[in-house]
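Undergrad: quick check, what structure comes out for this input:
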Amino acid sequence: MMTTDHDTMVQALYDREMIRDCMHRYTRAIDRRDFDLLKTAFWPDAIDEHGGYNGPVSEFWDWVYTRTLPWERTMHSLSQIIIDLRGDEAAVETYFTACHKKPKPEGGWFDEMVGGRYLDRMIKKQGEWRIQHRICVFEWFRHFADSFEFDNSPFGTAVRGKRLPDDPIYSHFAGLL
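TA: Numbering: from 1, shown residues only. Okay, the predicted model is just below:
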């Protein structure tokens, strides 16, 4: 028979893992432009303060869609995720690095790298963790005059990341996602 302390510890480990899962769903959704998946990371009445956009998450989704439409590629990486659980609420600080391939106004492409932190107030409702209020804190960014081109790299014809539905994750894991 399990003790209450053990049950509490197991529940906390489970909650932490579900919070990390939410954060990882967010990055996949943004990078693949999978807006149905993106909506599973936030509660419908959530707020996002993202620098260029500050307001209801329902409008944030449209802002992200429009803003990233001309970008050829994005990739978000998460590093340390610090979680302070308080019952069915959590304060979550997540460090991120993001790389974007963006169009130049005069034609061609440039790369942008951004580093920062997501400060998320997360809430668990009916056993599910999602973001209720996000503040995106930008620590640094770097614009490169041009963009990395696969054709000139040792990777040659390597499989390349794409957007929904063309990214290999959707065909490779068909029926599993």
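
Undergrad: report the central residue of the chain.
TA: For the chain, the residue nearest the mean C-alpha position is T27 (2.3 Å; Cα atoms, centre = their mean).

Undergrad: enumerate every residue touching the closest residue to it other than its chain neighbours.
TA: Distance criterion Cβ to Cβ, 6 or more residues apart in numbering; nearest residue to T27, sequence neighbours excluded, is H76 at 4.1 Å. (Glycine included, C-beta is placed from N, CA and C.) By Cβ atoms under 8 Å, 6 or more residues apart in numbering, H76 lies in contact with 27, 30-31, 96-98.

Undergrad: direction included, what does the helix or strand containing H76 pair up with?
TA: Assigned by DSSP states H and E, H76 belongs to strand 73-86. Neighbouring strands of strand 73-86 in its sheet, by DSSP bridges, are strand 89-103 (antiparallel).

Undergrad: quick revisit: just how off-centre is the strand holding H76 within its chain?
TA: Mean C-alpha position of strand 73-86 versus that of the full chain (Cα atoms, centre = their mean, to the nearest Å) differs by 8 Å.

Undergrad: what of stretch 108-117?
TA: The chain centroid and the centroid of stretch 108-117 are separated by 15 Å under Cα atoms, centre = their mean.

Undergrad: contact partners of that stretch?
TA: 72, 93-104, 136-148.

Undergrad: which secondary structure element contains M23?
TA: Using DSSP H and E, M23 sits within helix 4-32.

Undergrad: quick one, that helix and strand 89-103 angle?
TA: 20 degrees (axes from the mean of the first three to the mean of the last three Cα atoms, to 10 degrees).

Undergrad: show me how far the next helix or strand after helix 4-32 is from its chain's centre.
TA: Going down the chain from helix 4-32, the next helix or strand is helix 35-38, by DSSP H and E. What separates the centre of helix 35-38 from the centre of its chain is 11 Å, taken as Cα atoms, centre = their mean.

Undergrad: mind listing what's buried along helix 35-38?
TA: Within helix 35-38, the residues that count as buried by 16 or more other Cβ atoms under 10 Å are 37-38.

Undergrad: flag every buried residue along whatever helix or strand comes next after that helix.
TA: Following helix 35-38 in sequence order, the next helix or strand is strand 42-49 (DSSP H and E). By neighbour count with 16+ other Cβ under 10 Å, strand 42-49 contains the buried residues 42-43, 46-48.

Undergrad: hmm, which two among these are most spread apart?
TA: Spanning the widest gap among the buried residues of strand 42-49 are W43 and D48, at 11.1 Å by Cβ to Cβ.

Undergrad: who touches both of these two?
TA: 57, 131.

Undergrad: mind checking how far the residue nearest to R16 when sequence neighbours are not counted is from G52?
TA: Among residues not flanking R16 along the chain, I83 sits closest, at 5.2 Å (Cβ to Cβ, 6+ apart). In this view, I83 and G52 are 27 Å apart by Cβ to Cβ, to the nearest Å.

Undergrad: fine by me, we can end here.
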